[in-house]
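*Asks:* Structure for this input, please:
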Amino acid sequence: MSRHSFYSLILLKNAQVYSPENIGIHDVLIASGKIIGLSHNPIEVLPSWGVEIIDLAGKRLLPGFIDCHAHITGGGGENGFSSQVMPVPIQQFTSVGVTTVVGLLGTDDITRSSANLLSRVYALREQGMSAYCWTGGYHYPLTTLMGSAKKDLVFIEPMIGIGEFAISDHRSSQPTFDEVARLASDAHVSGLITGKAGVIHFHLGDGDRKLSLIHRAIEETEIPARVFHPTHVNRNLDLFEDSCQLLAKGSYIDITAFPKGTAEPGLEADAAILKLMERKLPLAQVTVSSDGGGCLPCFNHQGEITHMDVGSSETLLQTLQSLLDYALPLELVLTLFTSNVATLLRLKNKGCIALGKDADLLVLDQKHQLTDVMVGGEWFVRDGQTLK
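*Replies:* Below is the predicted model of the structure:
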């Protein structure tokens, strides 16, 4: 039963279900945070069962977004201690459709620790949403909780991979090829032992080396290409072109949904996705994340900060809405925010609408506006109003 609901069951009737495939009008029955009924035919229930019945009247029902890159403790700040960003409250995720988040550390992996990050994961879980995290941060040796990435991944349940580990950036630790290969191996083997994602999530800067360390690791080691997951690949055009080459090798890439108007000299997320589609590249290997809560600094050639924005998870919804405004099929672009992420991160109960899966659900009206958000069978947004 939902902790904040009188009802033991919730029945959504006449929903246009995108699972993310468009499977047509269905009734959806929810109990104990799970989808327990999904039918083309009307689902009949007895009033004595304590059922909340909601007729969606053909509105679109989607899986909740999975944001695999968010600074849930707040960005560390790159212009002195006063520029540190505050921890991100839960409503900044749930109110914009993010039902699962993966937190991480960035430039500041000193004052923002693994213990701090893990505590925020548990806080978000206590408040009702699904949360995980990467171990480590920008720098080598990694910031960890138990002394090594492998121990963190094997023994600490919410930690699912390594990240965001920085390469091709003046803020990185300038890692060598051997260091990158060793960390990728640690992530992969830990994933095999635990069934977790076993991925290393790379921060990419504007350095001339771009993705060369990852290309070399795929070519010279036995580590599967899926282990390497670079993000911010749309931050400049040369890096984006290099990431397209990486797709051909079987790797996933992560596009950052930068706030509108801040992507130059790179590409807005929607523009990057349109380019991938024009080239008929495999969208199944593409994810989109927000960098929510993170610092988005601009530097001059001396590495001095000239301007800083802060990321927000609302850019995921804005990117989806923009793609729909181009009249692209919802079932095609929705995967970038849902099932693709769940597949890469091995979150088996996330990213789709199916029997037995978690009841993390969004409702879109005909104008692509988000009207309702359910997280784990509990309403966080209802008819456009935040309930929690």
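*Asks:* For the longest helix anywhere in the chain, buried residues please.
*Replies:* Among the elements of the chain assigned as helix by DSSP state H, the one spanning the most residues is helix 177-194. Using 16 or more other CB atoms under 10 Å as the test for burial, helix 177-194 gives 179-181, 183-191, 194. Backbone N, C-alpha and C define where each C-beta goes, glycine included.
*Asks:* Name the residues that touch it?
*Replies:* 136, 140, 142, 148-150, 153-154, 161-162, 165, 167, 196-200, 213-214, 216-217, 220-221, 223-224, 227-228, 346 (CB atoms under 8 Å, 6 or more residues apart in numbering).
*Asks:* Mind picking the one among the buried residues of helix 177-194 that's closest to N340?
*Replies:* Checking the buried residues of helix 177-194 against N340 by CB to CB gives G191 as the nearest, at 17.3 Å.
*Asks:* Outline the domain layout of the protein.
*Replies:* Under automatic domain parsing, the residue ranges defining each domain of the chain are 9-63+351-386, 65-345.
*Asks:* Helices along the stretch 151-300 of the chain, start to end?
*Replies:* Using DSSP state H, counting those that start in this stretch, the helices of the stretch 151-300 of the chain run over residues 177-194, 212-220, 237-247, 269-278.
*Asks:* what's the span of stretch 330-344 from first residue to last?
*Replies:* 20 Å (CA to CA, to the nearest Å).
*Asks:* List the buried residues in it.
*Replies:* For stretch 330-344, by 16+ other CB under 10 Å, it's 330, 333-344.
*Asks:* Of all residues in the chain, which one is nearest the centre?
*Replies:* Nearest residue to the geometric centre of the chain (CA atoms, centre = their mean): D67, 2.0 Å.
*Asks:* That one sits in which helix or strand?
*Replies:* strand 65-70 (DSSP states H and E).
*Asks:* which outside residues touch that strand?
*Replies:* 88, 93, 96-104, 163-164, 201, 231, 254, 256, 287, 289-294, 311, 313, 316-317, 337-338, 341-342, 344-345, 347, 350-351, 362.
*Asks:* what's the average pLDDT for that strand?
*Replies:* The predicted model gives strand 65-70 an average pLDDT of 98.
*Asks:* Give me the buried positions along whatever helix or strand comes next after it.
*Replies:* Using DSSP H and E, the next helix or strand after strand 65-70 towards the C-terminus is helix 91-94. Under the neighbour-count criterion of 16+ other CB under 10 Å, helix 91-94 has 92-94 buried.
*Asks:* and if you look at stretch 164-173?
*Replies:* Applying 16+ other CB under 10 Å to stretch 164-173 flags 164-169, 171-173 as buried.
*Asks:* and the residues you listed, which of them are in strands?
*Replies:* The strands, defined by DSSP state E, take in 164-167 from those.
*Asks:* Dump these into TSV; add distance to G75 and pLDDT as well.
*Replies:* Formatted as TSV, those follow (distance: CB to CB, whole Å; pLDDT from 0 to 100):
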residue	distance to G75	pLDDT
E164	11	96
F165	16	98
A166	14	98
I167	19	98
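*Asks:* Only the buried residues of stretch 228-242, if you could.
*Replies:* Within stretch 228-242, the residues that qualify as buried are 228-236, 239-240, 242, counting by 16+ other CB under 10 Å.
*Asks:* distance between the ends of stretch 126-133?
*Replies:* Taking CA to CA, stretch 126-133 runs 15 Å from one end to the other.
*Asks:* hmm, who's touching the helix or strand L29 falls within?
*Replies:* Secondary structure from DSSP H and E places L29 in strand 22-31. With contact meaning CB under 8 Å, 6+ apart, strand 22-31 is reached by 1, 8-17, 35-43, 45, 58, 61, 329-331, 353, 359, 361, 374, 377.
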